[in-house]
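Asker: sequence and predicted structure are below.
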Amino acid sequence: MAKRIPEEELQAIEAVVRAHPNGFSIQDIARKLGTDIPRRTLQYWLKYLVDENRLVTQGERRWLTYRIPAAAANGEAAAGEIHEEREEETHVPVSKIGADIQHYA
């Protein structure tokens, strides 16, 4: 069984990221936390926070940054809550052929 992640550590990470709304890299997070958390452990904790929708990522590889989800940053949802986007809110205009294909599937 996997070891439980201390909630206070997760909240500390969230606090660091929340203070930087434009996103924060893993190096910046590690530096700001100031503890000697192994990089692999911090990566695991960040992945957990992303999987739980408590953080979101932007970019790829070495340009990957972490941020607080927009809904939580605006105070609309508490940490850990998921803001589901309804299908009707996302409408992309398509051609007649495209519409036929969508209805076929």
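Answerer: Looks like it arrived, so ask away.

Asker: quick check: closest non-adjacent residue to residue 94.
Answerer: residue 102 (6.8 Å; C-beta to C-beta, 6 or more residues apart in numbering). (C-beta placed from N, C-alpha, C; glycine too.)

Asker: what kind of secondary structure is that neighbour in?
Answerer: helix (DSSP: H, G, I helix; E, B strand; the rest coil).

Asker: do residue 57 as well
Answerer: Under three-state DSSP, residue 57 falls in the strand class.

Asker: and it, how far is that from residue 27?
Answerer: 15 Å (C-beta to C-beta, to the nearest Å).

Asker: of these two, who's got more company?
Answerer: Neighbours were counted for residue 57 and for residue 27 using other C-beta atoms under 10 Å; residue 57 has more, 14 against 11.

Asker: mind listing the helices for the chain?
Answerer: 7-18, 26-33, 39-51, 70-73, 96-104 (DSSP state H).

Asker: those helices: which one's closest to residue 63?
Answerer: Residue 63 lies closest, by C-beta to C-beta, to one member of these: helix 26-33, at 11.1 Å.

Asker: in the chain, what secondary structure element scores lowest on mean pLDDT?
Answerer: The helix or strand of the chain with the lowest confidence, counting by mean pLDDT, DSSP states H and E, is helix 70-73 at a mean of 64.

Asker: which residues are contacting stretch 4-16?
Answerer: With contact meaning C-beta atoms under 8 Å, 6 or more residues apart in numbering, stretch 4-16 is reached by 24, 29, 32-33, 37, 42, 44-46, 48-49, 54-55, 68, 79.

Asker: grab the most central residue of this structure for me.
Answerer: residue 56 (1.5 Å; C-alpha atoms, centre = their mean).
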